[in-house]
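1. Model the following, please.
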Amino acid sequence: MTLSRLVLRNLRGSLFRSGAIFLCAALVAALGLSATLLVRGADAALRRNLSRLGADIVVIPWRTMSQDFDSAHLVGMMTERWMPRVYLERIRTVQDVAAVTPQLYLSTIAESPFCTLPDLHLVAYDPETDFVLRPWLEHNPVGHLRLGEAVGGSAVLDPDGDGGIQLYGYPLMLIANLEETGGDVDHTIFVSFDTAQAILDLVQNEPRPAFETMPESISTAMVKVRLGSNVHDVAVRILEQVTGVVPLESAGLFQTQRTQIVGLLRTILVLLGVTWLLSMFFVGLVFSLAAHERRTQIAILRALGATRDLVLKTLLLEGLTLALAGGLAGTTSAMVAVGFFGGPIAQATGIQIELPPPLLLLALAAGALALAVVSVVVGAWVPARDISRQEPALAMRE
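-> Numbering: from 1, shown residues only. Just a heads-up that it's a prediction; the model follows:
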């Protein structure tokens, strides 16, 4: 009798035992893949919420009043004070600064026909380095603004519906609107620094210019701190190392939210690891009980001349066969469940659970299958080794 026939015969000989191990492998694979997709969706939602909290620190020019500052740190100070743009490089070199992006306040237009709120702010920003506004443009991302293009807050509109806006006689094309933030961003129109310079050149030709700015200047530097770093410590370093500026930390509420979100991300990963370890232990326990019931059968095989290595190989092949079959069934069930119930789960929990692109899905399914195989093989190794080493006479006597 060949080894493969012996394995298949043993599997058919105890359908209950085989079914239990098959079910364990299927559960491990299904839970592994489902948990991975769930964590992936939760991680994306948490990181999206984290990115929407705005800048950790806003750096403004020295002696700038800050009582009317947007507490969410999404848009810079509405001030006519400026600082040199070269300060960005100095701030970027400060320890634990992850990213810096500039903003330049240009002017405020009262009772503008292009805004549903009383005031419309005009601000220049850099779309390529921006990390503050980008999360609020998820449905209409902007990677680059050409000359004359603009992005508006939720209250900015085009009355004619053709996307055209005239500010100070300069034509702008509104290409996207940010989602509602509840702050100054909602009634702000953002342009690139090149467009801002073109508007400034046009304004300067007027007898009484509506606003002025210094060349190569910015009014605000938005700073993102590395995850896990202390925001206050970074603000102190900026104050010490960059002269002529004042760093303003985000409000305590937002810092608390950042800390909680980072903690949740780490907790989810820890819980996933604990779940996998418990699954492996459970599979090993089930396989140990199943192997214990077969002590007499294994003793007879040993008495008929089967070696310890053959017995061990037979037990492990049985576990491997059931792990592969159960793992395939589990991953298939998980993909079908996510495909059918991902939408209702997202509506009920706010966590977007969906099937990733085919190649990534294949990789995740292979990982879940490997997890099931490793769980069963590792769980089966110790009881299979112990029972294969028992003396046949003692096993048959028991």
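2. Was I right to think Pro127 contacts Val142?
-> Yes: counting by CB atoms under 8 Å, Pro127 does reach Val142; the two are 5.6 Å apart. (Each C-beta comes from the backbone N, C-alpha and C, glycine too.)
3. The two: which has the busier surroundings?
-> Neighbour count, other CB atoms under 10 Å: between Pro127 and Val142, Pro127 has more, with 20 against 17.
4. Please name the residues that touch that one.
-> Arg134, Val142, Gly143, His144, Leu145, Val151, Ser192 (CB atoms under 8 Å, 6 or more residues apart in numbering).
5. Tell me where the stretch 1-150 of the chain has strands.
-> According to DSSP state E, counting those that start in this stretch, the stretch 1-150 of the chain carries its strands in the segments 57-61, 83-84, 97-110, 119-125, 149-152.
6. Would you reformat those as TSV and include mean neighbour count, distance to Ala221 and mean pLDDT?
-> Shown next, in TSV, are the strands of the stretch 1-150 of the chain (neighbours: other CB atoms under 10 Å; distance: least, CB to CB, whole Å; pLDDT from 0 to 100):
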stretch	mean neighbour count	distance to Ala221	mean pLDDT
strand 57-61	24	4	89
strand 83-84	18	8	90
strand 97-110	20	6	92
strand 119-125	23	11	92
strand 149-152	23	19	92
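7. and Ala35, which of those strands is closest to it?
-> strand 97-110 (29.1 Å; CB to CB).
8. dump the residue contacts of the residue nearest to Leu88 when sequence neighbours are not counted.
-> Distance criterion CB to CB, 6 or more residues apart in numbering; nearest residue to Leu88, sequence neighbours excluded, is Val100 at 5.3 Å. Residues in contact with Val100 (CB under 8 Å, 6+ apart) are Leu88, Ile91, Arg92, Thr129, Ala221, Met222, Val223, Lys224.
9. ok, which stretches of the stretch 1-150 of the chain are helices?
-> 3-13, 15-51, 87-92 (DSSP state H, counting those that start in this stretch).
10. quick revisit: Ala210: which of the strands of the stretch 1-150 of the chain is closest?
-> Nearest to Ala210 among these is strand 97-110; the distance by CB to CB comes to 6.0 Å.
11. C-alpha coordinates for that closest one, CSV please?
-> Extracted in CSV, the C-alpha atoms of strand 97-110 (Å, rounded to 0.1, in the frame of the first residue of the first chain):
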residue,chain,number,x,y,z
VAL,A,97,9.3,66.7,11.3
ALA,A,98,7.7,64.4,8.7
ALA,A,99,6.4,66.9,6.2
VAL,A,100,6.1,70.6,5.6
THR,A,101,3.9,72.4,3.1
PRO,A,102,3.4,76.2,2.6
GLN,A,103,0.4,78.4,2.4
LEU,A,104,0.1,82.1,1.6
TYR,A,105,-2.9,84.2,2.5
LEU,A,106,-3.6,86.7,-0.2
SER,A,107,-6.9,88.5,0.6
THR,A,108,-10.5,88.3,1.8
ILE,A,109,-13.3,89.3,-0.5
ALA,A,110,-16.5,90.4,1.2
